[in-house]
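Enquirer: Sequence and predicted structure, then a few things I'm wondering about:
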Amino acid sequence: MKNFYLKLARLAVEKYVKEGEILKPPQDLPEKFFKERSGVFVSIHKNKELRGCIGTYLPTKNNIAEEIISNAISASKDPRFLPIQKEELPYLTYEVYILEEPKPIKSLEELNPKKYGILIKAIDSPKSALLLPDLEGVDSIEKQILITCQKAGIDPTKENFVIFKFGAKKYAE
């Protein structure tokens, strides 16, 4: 596997699931993994079915390497699913998204679900949710907003909310 993003996510999950330990970033990673910071999402699939997806839309760690490791481990125990077991490891595939900082939009015309993910935040409550860009079945701005509102528990007909858009670089197996 040549992709360092995917390799790091896989190594982090395998070490955690097999040994219960958090991977230290390998020193042979490209320099940008240690110098740059970004929000990161890690998705894990088994037989094309989602097994976990966790991330941060803003950086929370010292660098991208630590962000990938932390979010990969969190994705392996996504509360929506049973924790990943050792027997599953050979059958897993990974996606890593490196996110740009979310920017508030001025109009819906700025959105494009194939190009941008969105972050929606309620104005009068702490509810919020994010939807990554270019997801299968999300083919319109309206659908992207509706799904994100549902994830956040926001009723778009009764609650006020703001929308942020962000670009993301996707690495997938």
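Expert: Thanks, I have the structure now.

Enquirer: show me what contacts the residue lying closest to Cys149 once chain neighbours are set aside?
Expert: Counting by Cβ to Cβ, 6 or more residues apart in numbering, the nearest residue to Cys149 once its immediate chain neighbours are dropped is Pro156, at 4.7 Å. Yep, even glycine has a C-beta here, placed from its N, CA and C like the rest. For Pro156, the contacting residues are 145-146, 149, by Cβ atoms under 8 Å, 6 or more residues apart in numbering.

Enquirer: Buried ones among these?
Expert: Neighbour-count burial (16 or more other Cβ atoms under 10 Å) applied to the contacts of Pro156 gives 145, 149.

Enquirer: mind giving me the domain split of the chain?
Expert: Split into domains by automatic domain parsing, the chain comes to 4-99, 103-166.

Enquirer: most neighbours per residue, which of these?
Expert: Among the domains of the chain, ranked by average contacts under mean count of other Cβ atoms under 10 Å, first place goes to domain 4-99 (a mean of 18).

Enquirer: and that domain, how far apart are its ends?
Expert: End-to-end span of domain 4-99 (Cα to Cα, to the nearest Å): 16 Å.

Enquirer: what's the closest of the domains of the chain to Glu173?
Expert: domain 4-99 (4.3 Å; Cβ to Cβ).

Enquirer: three-state assignment of the residue nearest the centre of the chain?
Expert: The chain has Phe41 as the residue nearest its centroid, 2.1 Å off, counting by Cα atoms, centre = their mean. Secondary structure, DSSP: H, G, I helix; E, B strand; the rest coil: Phe41 is strand.

Enquirer: Now it. Nearest residue, chain neighbours left out?
Expert: In space, Phe41 is closest to Gly55, 2.9 Å off (Cβ to Cβ, 6+ apart).
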